[in-house]
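> got a predicted model here, sequence first, then my questions.
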Amino acid sequence: NTSPHIPYIKQCLSLAEQSPPRPTNFRVGAVLLSRKDNDPTFTDDRILSTGYTMELAGNTHAEQCCFANYAAVHKVADDQVSEVLPVEPGRKLVMYVTMEPCGKRLSGNGPCVQRITRTREGGREGIHKVYFGVKEPGTFVGESEGCRMLTQKGIEWEHVGGLEREILTVAFAGHENAEEEVRAALGEKETNVDDI
Ligand SMILES: Nc1nc(=O)c(N)c(NC[C@H](O)[C@H](O)[C@H](O)COP(=O)(O)O)[nH]1
Ligand SMILES: [Zn+2]
């Protein structure tokens with residue numbers, strides 16, 4: 001029996017596959033939803049928005065596009081999205097992403113952890129929990145800070161295992177030596193002949 005989170009990670013993965021391959025980032029997909037408390041089979045989930053890397057103009061991240069798409073539909077600026085996210089008693093906001101939200105970006109653009117924590121402004125509950133399929137590989141920023149920063153701001157997170165190879169293969173598609181990077185990120189040792 002697979003975890004009920006897997007279908008959402010798969011939905012994020014198909015979003016990530018729409019991202020234009022680039023050597024300078026990862027192809028990632030994100031889904032924002034509202035979930036009823038104590039609903040173990042997620043039967044009453046409501047999808048609020050989706051996004052994928054570079055879906056919107058500029059050097060945009062999946063989570064960034066997910067929020068920006070929602071803001072656009074509700075006719076507010078990106079940085080006012082927390083004002084239009086639903087606040088409903090007995091329901092929580094949850095985000096699924098194929099990859100751990102970034103805590104730092106080489107471009108210097110605002111990291112997605114910051115966008116996620118900003119949803120809690122004005123005393124709103126904001127995003128309650130983030131589920132992701134892989135931790136960020138060290139390619140650009142070394143040891144990833146995303147999870148630690150989410151914890152610092154009281155936002156729960158959880159790694160949903162099982163699709164790492166698929167997620168990394170899509171994420172690295174635009175990179176020079178994608179194969180090699182996927183293997184390295186999966187932590188596989190080089191299989192040398194005497195081990196076969
Ligand atoms: N969670 C996540 N969603 C994305 O959509 C995406 N592209 C990344 N990628 C993280 C990686 O650390 C940054 O892509 C590099 O640090 C380069 O930074 P820019 O993307 O140019 O700002 N991570
Ligand atoms: Zn990001």
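Here it is on my side, so go on. Numbering: from 1, shown residues only. Ligands and ions are numbered 1, 2, ... in the order given.
> kindly report the residues of this protein close to ligand 2.
In this structure, the chain approaches ligand 2 at residues 61, 102, 112, judged by CB under 5 Å from the ion. Just so you know, the C-beta spots here come from the backbone N, C-alpha and C atoms, and that holds for glycine as well.
> which of those sits closest to ligand 1?
residue 61 (3.4 Å; CB to the nearest ligand atom).
> check contacts around the residue nearest to the closest one when sequence neighbours are not counted.
The spatially closest residue to residue 61, leaving aside those adjacent along the chain, is residue 112, at 5.4 Å (CB to CB, 6 or more residues apart in numbering). Going by CB atoms under 8 Å, 6 or more residues apart in numbering, residue 112 touches 61, 62, 63, 64, 101, 102, 146.
> hang on, the fifth one packs against residue 63?
When you say that, I think you mean residue 101. Yes - Residue 101 lies in contact with residue 63 (CB atoms under 8 Å); the separation is 5.6 Å.
> now do the shared contacts for the two.
112, 116.
> re earlier: from the residues of the chain next to ligand 2, which land in helices?
residue 112 (DSSP state H).
> contacts with ligand 1 among the residues of the chain next to ligand 2, please.
Contacts with ligand 1 are made by 61, 102, 112 out of the residues of the chain next to ligand 2, judged by CB under 6 Å from any ligand atom.
> just the pLDDT for the nearest residue to residue 93 once chain neighbours are set aside.
Leaving aside its chain neighbours, residue 93 sits nearest to residue 127 (5.0 Å; criterion: CB to CB, 6+ apart). Residue 127 is assigned a pLDDT of 98 by the prediction.
> likewise residue 90?
97.
> list the contacts of it.
Residues near residue 90 by CB under 8 Å, 6+ apart: 36, 37.
> how near is it to ligand 1?
Using CB to the nearest ligand atom, to the nearest Å, residue 90 is found at 29 Å from ligand 1.
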